[in-house]
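**Q** Fold the following for me, if possible:
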Amino acid sequence: MRVVIAPDCFGGTLTAREVAEAVAEGWRRTAPDDELHLRPLADGGPGFVDVLHTALGGVLHTTTVTGPLGTPVEARWLEHDGTAYIESAQACGLHLIPSDQRARTAETATTRGVGELIALARDARTIVVGLGGSGTTDGGEGLRETVGQVTARLVAAADVENVLLGPHGAARTFGPQKGASPEAVERLEARLAAMDALAEVRDRPGAGAAGGLGAALMALGATVGSGAGMVRSLTRLDEALDHADLVVTGEGSFDWQSLRGKLVTAVASGAAERGLPCVVLAGQVTVGRREAGAAGVQESYAVAEHAGSVERSMADPAGTLADLAAHVASHWSQRRP
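**A** This next block holds a predicted model:
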């Protein structure tokens, strides 16, 4: 059986490559004769640059920029064939903010470093900015104060389709995940609504990505596309799917946000186009069977449930994921004893 393993990272625990390798290890325990094709992916968030560097080659640049808390952080960006690929999470990612500081910094974390990365890549013909995994909700204010005029073609590779404001906007949807209290969420919402520079783009899909960084890039003239779709194309995932019998994908949390532009839905869509079954392995699963099926997912499995608890799964992320993959292979592989 030919199995394509094409996951995103498990945020904060495993990179996409580590996820793919853990799934492959577990799968081989049960189905050693299956032909496994590992395609670690990203949707614009963490891992975007590494995944594209693996697929495309090119030159990786390492630099120091302003982090979300105003202190220096190291960030990498990729230069390939006249295009610069920037991962916003490397400059303003939630992982750069200690968990015990997030409540205090939810309203002050800055995207200034993303603007600094764009400025460094100004000689490229095209600058692609991957959006996702941010610890900021500043509407890209830090970026706009830093970047100045951009002459290159700008592309925003968004990980979600959310607009800027409202119940599905940047503050109310993602603010609590970044440590914002209910009161802070409403202050952030009001601040975003008062940003005149974003008024014309606030209702566009993707404007709410990365705490409004999507809207800021649109205001600078960026075109917006699916980060997952871009990675799917650049990594030639479809060529692997053309020869597959089964597709396995995954992410840290398979939830309702996964159905709004995340990687899992892009992979499942590619599988559905070919009539292939697609299964999801995730740290936790809260998407119902009907909603998952509508997105092209036949079955989803939670590491936490299989391990017995979230705590057990987090104690050994790779090991418990491999155990789950071995279990899933017993249901889905065509191999017989």
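
**Q** Chain neighbours aside, what residue packs nearest to the residue nearest in space to the middle of the chain?
**A** Geometric centre of the chain, nearest residue: residue 45, 3.5 Å, by Cα atoms, centre = their mean. Of all residues not flanking residue 45 in the chain, residue 132 sits nearest, at 2.5 Å (Cβ to Cβ, 6 or more residues apart in numbering). Where you see a C-beta, it was placed from the backbone N, CA and C, and this is true even at glycine.

**Q** Walking through the stretch 201-337 of the chain, point out its strands one by one.
**A** 223-226, 246-254, 278-285, 299-302 (DSSP state E, counting those that start in this stretch).

**Q** can I get those strands in TSV with mean neighbour count and mean pLDDT?
**A** Formatted as TSV, the strands of the stretch 201-337 of the chain follow (neighbours: other Cβ atoms under 10 Å; pLDDT from 0 to 100):
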stretch	mean neighbour count	mean pLDDT
strand 223-226	18	93
strand 246-254	26	94
strand 278-285	24	95
strand 299-302	19	95
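
**Q** out of the ones you listed, which comes closest to residue 102?
**A** strand 246-254 (17.1 Å; Cβ to Cβ).

**Q** Just want the angle from that closest one to strand 278-285.
**A** Relative orientation of strand 246-254 versus strand 278-285 (axes from the mean of the first three to the mean of the last three Cα atoms, to 10 degrees): 20 degrees.

**Q** circling back: please look at the residue nearest to residue 45 and residue 11 and confirm they touch.
**A** No - between residue 132 and residue 11 no contact is recorded; they are 9.5 Å apart, counting by Cβ atoms under 8 Å.

**Q** Give me the more crowded residue out of those two.
**A** residue 132 (31 against 19; other Cβ atoms under 10 Å).

**Q** Could you look up the SS state of that one?
**A** coil (DSSP: H, G, I helix; E, B strand; the rest coil).

**Q** Distance of it relative to residue 226?
**A** 11 Å (Cβ to Cβ, to the nearest Å).

**Q** likewise residue 192?
**A** In this view, residue 192 and residue 226 are 23 Å apart by Cβ to Cβ.

**Q** hmm, back to that, common neighbours of residue 132 and residue 11, please.
**A** Common neighbours of residue 132 and residue 11 (criterion: Cβ atoms under 8 Å, 6 or more residues apart in numbering): 45-46.

**Q** got any ranges where the stretch 151-300 of the chain has weak pLDDT?
**A** Scanning the stretch 151-300 of the chain for pLDDT under 70 picks out the ranges 261.
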